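Asks: just a sequence and a predicted model for now, questions to come.
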Amino acid sequence: MLQSQFDPAARQALAVEAVAAKTREDLSWQEIADAAGLSVAFVTAAVLGQHPLPAPAARAVAALLGLDDDAALLLETVPTRGSIPGGIPTDPTIYRFHEMLQVYGTTLKALVHEQFGDGIISAINFKLDVRKVADPDGGERAVITLDGKYLPTRPF
């Protein structure tokens, strides 16, 4: 039976333990995802406490990271989602995403509603991809794809 967390503390503590094991074993998120048999974005979010892993994936991740059976079971629980406490984020990388939404949030909303109508883009029926590409002007660029199912508002 699928279990649910009501307090994020257990999953946060597990995330700290898992990241320490990842560092100790010198593993990449891609290697962990490969062991789980799922996408790197989903597995990373799950290990960081934002998604439950299916039982086989949870066992594979726990084994790779040297975590015990209780940790594997905890990786299967539905977490209390949300990894950024209230207020403006202070981590520079996370803050830049906050800044992007501050600048482009209303633009994204206007374009989504113009093209789809009144509704939302799901973060549950969702795919995420992060790629590094060469910048023609030198250096590198980050290409981030947010792919969510559109859910229309339905009058009732």
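Replies: Yep, that arrived.
Asks: my guess is G37 contacts A60, does it?
Replies: Yes. Look at G37 against A60 with Cβ atoms under 8 Å: they come within range, at 7.2 Å. C-betas here are computed from N, CA, C, even on glycine.
Asks: just checking, what's the longest helix in the chain?
Replies: helix 92-116 (DSSP state H).
Asks: quick one: average pLDDT of stretch 122-136?
Replies: For stretch 122-136, the mean per-residue pLDDT is 96.
Asks: dump it to PDB, restricted to CA.
Replies: C-alpha atoms of stretch 122-136 as PDB (Å, rounded to 0.1, in the frame of the first residue of the first chain):
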ATOM      1  CA  SER A 122       0.300  20.500 -14.500                       C
ATOM      2  CA  ALA A 123       3.400  19.900 -12.500                       C
ATOM      3  CA  ILE A 124       2.200  16.400 -11.800                       C
ATOM      4  CA  ASN A 125       1.700  15.200 -15.400                       C
ATOM      5  CA  PHE A 126       5.000  16.700 -16.200                       C
ATOM      6  CA  LYS A 127       8.400  16.200 -17.700                       C
ATOM      7  CA  LEU A 128      11.600  18.100 -17.100                       C
ATOM      8  CA  ASP A 129      14.800  18.100 -19.100                       C
ATOM      9  CA  VAL A 130      18.100  20.000 -18.600                       C
ATOM     10  CA  ARG A 131      20.700  20.100 -21.400                       C
ATOM     11  CA  LYS A 132      24.000  21.800 -21.900                       C
ATOM     12  CA  VAL A 133      24.500  23.200 -25.400                       C
ATOM     13  CA  ALA A 134      27.300  25.200 -27.000                       C
ATOM     14  CA  ASP A 135      26.700  29.000 -27.300                       C
ATOM     15  CA  PRO A 136      27.500  30.200 -30.800                       C
END
